[in-house]
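S.K.: give me coordinates for this.
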Amino acid sequence: MATIKHIFSFIGPAMRFLLQISCILFIVLGVNLISFSHYKHWDFSRSHRFSLSEQGSVLFSGINQPAHMILYFSPTSLTLEAELYNDLKALVAEYQIKGRENLIVEYVDPIRNLPRARVLQSKYKFDPNENVIILDYLEHQKVIPIRDLAEYDSTHVAQGKKPSLLAFRGEQVINSALIELSGHPLKKIYFLQGHGEMIPGLPPLEIIGRYLQWQHVSSSLLNLSTTLHVPQEASLLVLAGARVDLSEEELKVLRDYWHDSGRLLILLDPTADTPLIDRFLQEVGITPCHDRVIRSDEKNHTILRDVTGFFVPGSEFTKQFLDLNISFLGTTQSLALEAFPQENKEKRVRPLIEALYEFWGSYRAVDQSEQELAFQVGRDRSSPLIIAAMADHGALQDDRLALHAARMIVVGNADFIKDPFLGEVGLDFFSSSLNGLIDRVMLTGKTAKMKSYFTLNLSTAEMNRIALWSLVLIPFFIGVLGFFLLWKRRKA
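M.R.: I've put the predicted structure just below:
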């Protein structure tokens, strides 16, 4: 009897142990199976350096056929771009997470794998002496030199120094290539000229010109006073800060283009006197108020003219920014929207951005000093103040579709896209408006930003002072302090 009790007492703990092990294995297996098909990852770094933009995420998650990305790159080479290898590898890892099994990535080191390197050179016809990225998707190929993924400072090259790395722009360049390979046609937009408008690619719109290229957009200049028509290939007309009014003939061309399902992006200069442009916008349902959106700083007894705005729900173009504020530096005017009857489905206007509630519109901010400015009921405009608005002309009431519909976005500030004033949210809003108006609503949202590098440009004298303190003076003081403490302890 004692022997039987001993056997059962042994089996009991053993079975419990096996049951526990089985449960642990089942939980681990179940968690791995679930995480394999449903998983997320987060980037907790301050700058989100290792995260894709919304546009990049949409592009690579939308890959529905096998795409090949080949990195013909030797990290041990002595080329200038070799320092980009780790950044590029981290970026490609993010692309793989979004593309899943449809994105096939291959790393080829031409120094260690010469046969494969020769096959790629023969197929894709590139210079074997340079590092490149090869994108092969939907029977189209794109070869991107690695050096195009970075921005360098070459100011000291003449002195025998190598260029210093300023920023990594890999995501912008690769996204642009994928937009091209994904079947999105090259869109051509025209910037109107002849009235003091700004030109993309030249100061102060160098950044905007660069981003147009990264969005696979071709920009050209158009002077309506000489052509008196809008080219058929125009996907969008941009009027960026006209300081002089249009002529009656130019206004007629613009009006005909609008009624023929045209697309317009109009950035107003509040300091300009443009009655014909105002009349055209009033016909659309958006009236420039010619005020100055300002805010009183009672603490410092000053007037703040830089406006902070928030995005208004109701548009696919800006729904990704509803939790963000946008800054409009420079001079800003508000817009008044006409309330069309609901039965009129041919016309619709809606706000995109409003100023925060503490801002007000002053009609006297131009000719009065800051000490004299104060909000007056009945004379000035109170909140809500609309800064950006959108107009539709046509029967279609869906931002995601654009069949025979005219669309226009009007902003009461033209300075916010200038290089010194352009912030991240302002650039995203401009890019989102651009893509939405040219029928790329899927690409609206936050765009990729350049990853900047912080560098110290120290003179020889400054370097010598740092070396003196770090190698001589600081160790000397520490040594003296150590001897003093040792002497005090021995004396005690």
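S.K.: distance between stretch 130-138 and the chain's centre?
M.R.: 23 Å (Cα atoms, centre = their mean, to the nearest Å).
S.K.: in that stretch, what's buried?
M.R.: Across stretch 130-138, burial judged by 16 or more other Cβ atoms under 10 Å covers 130-137. All C-beta atoms are positioned from the backbone trio N, CA, C, and that covers glycine.
S.K.: can you check stretch 297-308 too?
M.R.: Applying 16+ other Cβ under 10 Å to stretch 297-308 flags 303, 305-307 as buried.
S.K.: could you do stretch 62-74 as well?
M.R.: Buried-residue list, stretch 62-74, by 16+ other Cβ under 10 Å: 63, 67, 69-74.
S.K.: go on, stretch 151-170?
M.R.: So stretch 151-170, judged by 16+ other Cβ under 10 Å, has buried residues 165-166, 168-170.
S.K.: and what of stretch 210-221?
M.R.: Buried-residue list, stretch 210-221, by 16+ other Cβ under 10 Å: 211-212, 214-217, 219.
S.K.: CSV for the residues you listed, including secondary structure?
M.R.: Shown next, in CSV, are the buried residues of stretch 210-221 (DSSP: H, G, I helix; E, B strand; the rest coil):
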residue, secondary structure
Y211, helix
L212, helix
W214, helix
Q215, coil
H216, coil
V217, strand
S219, strand
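S.K.: now flag whichever of those residues is closest to H184.
M.R.: Among the buried residues of stretch 210-221, H216 lies closest to H184 (Cβ to Cβ), at 6.3 Å.
S.K.: low-confidence ranges in the stretch 1-150 of the chain?
M.R.: 1-14, 35-50 (pLDDT under 70).
S.K.: for the closest residue to N102 other than its chain neighbours, what are its contacts?
M.R.: Nearest residue to N102 in three dimensions, chain neighbours excluded: I63, at 4.6 Å (Cβ to Cβ, 6 or more residues apart in numbering). Shown in contact with I63 (Cβ atoms under 8 Å, 6 or more residues apart in numbering): 99, 102-103, 137.
S.K.: re earlier: can you list the buried residues of stretch 62-74 in JSON lines and add secondary structure?
M.R.: Output for the buried residues of stretch 62-74, formatted as JSON lines (three-state DSSP):
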{"residue": "I63", "secondary structure": "coil"}
{"residue": "A67", "secondary structure": "strand"}
{"residue": "M69", "secondary structure": "strand"}
{"residue": "I70", "secondary structure": "strand"}
{"residue": "L71", "secondary structure": "strand"}
{"residue": "Y72", "secondary structure": "strand"}
{"residue": "F73", "secondary structure": "coil"}
{"residue": "S74", "secondary structure": "coil"}
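S.K.: for this structure, which segments count as helices?
M.R.: With DSSP state H as the criterion, the chain has helices at 2-37, 54-61, 85-99, 114-124, 170-181, 206-214, 224-227, 248-259, 275-284, 424-437, 460-468, 474-491.
S.K.: contacts for the second one?
M.R.: Which is helix 54-61. 52, 94-95, 98-99, 103, 171, 174-175, 178-179, 182, 320, 442-443, 445-448.
S.K.: ok, now the fifth one?
M.R.: Taking contacts as Cβ under 8 Å, 6+ apart, the residues outside helix 170-181 that touch it are 52-53, 55-56, 59-60, 84, 87-88, 91, 95, 133, 135, 137-138, 140, 142, 144, 148-150, 186, 211, 213-216, 443, 447-448, 450-451.
S.K.: can you flag the buried ones in the contacts of helix 54-61?
M.R.: 52, 94-95, 98-99, 103, 171, 174-175, 178-179, 320, 443, 445-448.
S.K.: ok, back up a step: so which of the helices of the chain gets nearest L192?
M.R.: helix 224-227 (6.6 Å).
S.K.: list the contacts of F321.
M.R.: Contacts of F321 (Cβ under 8 Å, 6+ apart): 311, 425, 428-429, 432, 446.
S.K.: repeat the analysis, applying 10 Å as the threshold.
M.R.: 310-311, 352-353, 425, 428-429, 432, 444-446 (Cβ atoms under 10 Å, 6 or more residues apart in numbering).
S.K.: same check on P163?
M.R.: 80, 150-157.
S.K.: tell me, how many residues neighbour E338?
M.R.: By other Cβ atoms under 10 Å, the residues close to E338 number 13.
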